[in-house]
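Colleague: let's see this in three dimensions:
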Amino acid sequence: TTGYGIHPALLDAALHLALVDSAGAGSAETGQLRLPFAFSGVTLHATGATSLRVQLTHTGDDSATLTATDPDGHPVISIDTITLRPLPTGQLTAVGSAHGRGVHHPVWQPVHHAESSGTAGRWAVLGTDSLGLTEALSAAGIKAEGHADADDLGAALDAGGPAPDVLALPYADDTDATGALRRMLDVLQRCLGDERLADTRLLLLTRHAVSASTDQDTHDLAAAAVHGLAHTAANEHPGRISLLDLDTHTTPAHLATAART
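Modeller: Numbering: from 1, shown residues only. Now for the predicted structure:
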């Protein structure tokens, strides 16, 4: 509540009494709820309140007055007139049924490609390859060089080694979402800021970080956070970063093909 005369969430909770009272005043028969729309005669008597005792009194079909005190009975805020506006309850049902779990939902388009399509070139894998990309690429005839971390990759470049065409960043299982984000941010900043990797495409691999449909859960919340960070970086660096999220049934052949696309 610091910095507010009265915290917006606290006042909003107090105003919910109008909704509760409306719901109990025949909304089932009328098919309407009355929601707070306009306020007049608002007086803030004290600041810093962390809890309220609220009295709401209807002064008409579409108006009410509100008085709130602290637990000791000292006045905190009073509103002489709250004007209520009716909302048909059917509108709430229509929004929920039309959009399911939200206004936006993912739509996926299938990608058709030839078996030989995609990127070959020089590949490197950074960190622990917990998703089996190196093995999948090897089965497809592509050798990927492994690097323990960004320091190891930097040392190889300092020694005159060639920059990879694709640098894969498999996300290692981690229950520490904050730590995973910090580590991934460090890797992305170092790779994107290294001029020697200016022509290198970064490929982030995750598993169960993305829900493919509105009725599917995201199983790995830490991976989802890392995926979201990389998605933001991809928007800031067009063409530099690709994202590949796997499911439980992804075969090595599918993994190699998808990674090369």
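Colleague: could you pull out the helices for the stretch 101-250 of the chain?
Modeller: Counting by DSSP state H, counting those that start in this stretch, the stretch 101-250 of the chain has helices at residues 133-139, 150-158, 177-193, 221-236.
Colleague: which positions in the first one come out as buried?
Modeller: Of the residues in helix 133-139, those buried by neighbour count under the rule 16 or more other Cβ atoms under 10 Å are 133-134, 136-137. Every C-beta, even on glycine, is put in place using the N, C-alpha and C of the backbone.
Colleague: and the strand or helix carrying Ile79, what does it pack against?
Modeller: Using DSSP states H and E, Ile79 sits within strand 75-88. On a contact count with 3 or more Cβ pairs under 8 Å, 6 or more residues apart in numbering; DSSP states H and E, strand 75-88 meets helix 8-23, strand 32-44, strand 63-69.
Colleague: can we see that at 7 Å?
Modeller: strand 32-44, strand 63-69 (3 or more Cβ pairs under 7 Å, 6 or more residues apart in numbering; DSSP states H and E).
Colleague: which of those sits closest to Ala148?
Modeller: strand 32-44 (58.5 Å; Cβ to Cβ).
Colleague: ok, residues contacting that closest one?
Modeller: Applying Cβ atoms under 7 Å, 6 or more residues apart in numbering, the external contacts of strand 32-44 come out as 5-6, 15, 18-19, 22-23, 27, 62, 77-89.
Colleague: in its sheet, what does it sit against?
Modeller: Strand 32-44 pairs in its sheet with strand 75-88 (antiparallel), by DSSP bridges.
Colleague: tell me how this protein divides into domains.
Modeller: 8-99, 123-260 (automatic domain parsing).
Colleague: identify whichever of the ones you listed lies nearest to Gln109.
Modeller: domain 123-260 (12.0 Å).
Colleague: could you give the mean pLDDT of that closest one?
Modeller: Across domain 123-260, pLDDT averages out at 89.
Colleague: likewise stretch 75-92?
Modeller: Mean per-residue pLDDT for stretch 75-92: 86.
Colleague: report the buried residues of that stretch.
Modeller: 76-79, 82, 84, 86-87.
Colleague: stretch 195-205 now?
Modeller: In stretch 195-205, counting by 16+ other Cβ under 10 Å, buried: 197, 200-205.
Colleague: and if you look at stretch 166-173?
Modeller: For stretch 166-173, by 16+ other Cβ under 10 Å, it's 166-171.
Colleague: hmm, which two among the residues you listed are most spread apart?
Modeller: Val166 and Tyr171 (16.1 Å).
Colleague: got the angle between the strand holding Ile79 and strand 63-69?
Modeller: Here the directions of strand 75-88 and strand 63-69 differ by 150 degrees (axes from the mean of the first three to the mean of the last three Cα atoms, to 10 degrees).
Colleague: and strand 75-88, C-alpha only, in CSV?
Modeller: Only the C-alpha atoms of strand 75-88 are listed here, as CSV (Å, rounded to 0.1, in the frame of the first residue of the first chain):
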residue,chain,number,x,y,z
PRO,A,75,-13.1,6.7,8.6
VAL,A,76,-10.9,6.0,5.6
ILE,A,77,-13.0,6.8,2.5
SER,A,78,-16.6,7.8,1.7
ILE,A,79,-18.4,8.0,-1.6
ASP,A,80,-21.6,9.9,-1.6
THR,A,81,-22.9,8.5,-4.9
ILE,A,82,-21.9,5.4,-6.8
THR,A,83,-23.8,5.3,-10.1
LEU,A,84,-24.4,1.7,-11.3
ARG,A,85,-24.8,0.6,-14.9
PRO,A,86,-26.6,-2.6,-15.8
LEU,A,87,-24.7,-5.4,-17.6
PRO,A,88,-26.6,-8.3,-19.1
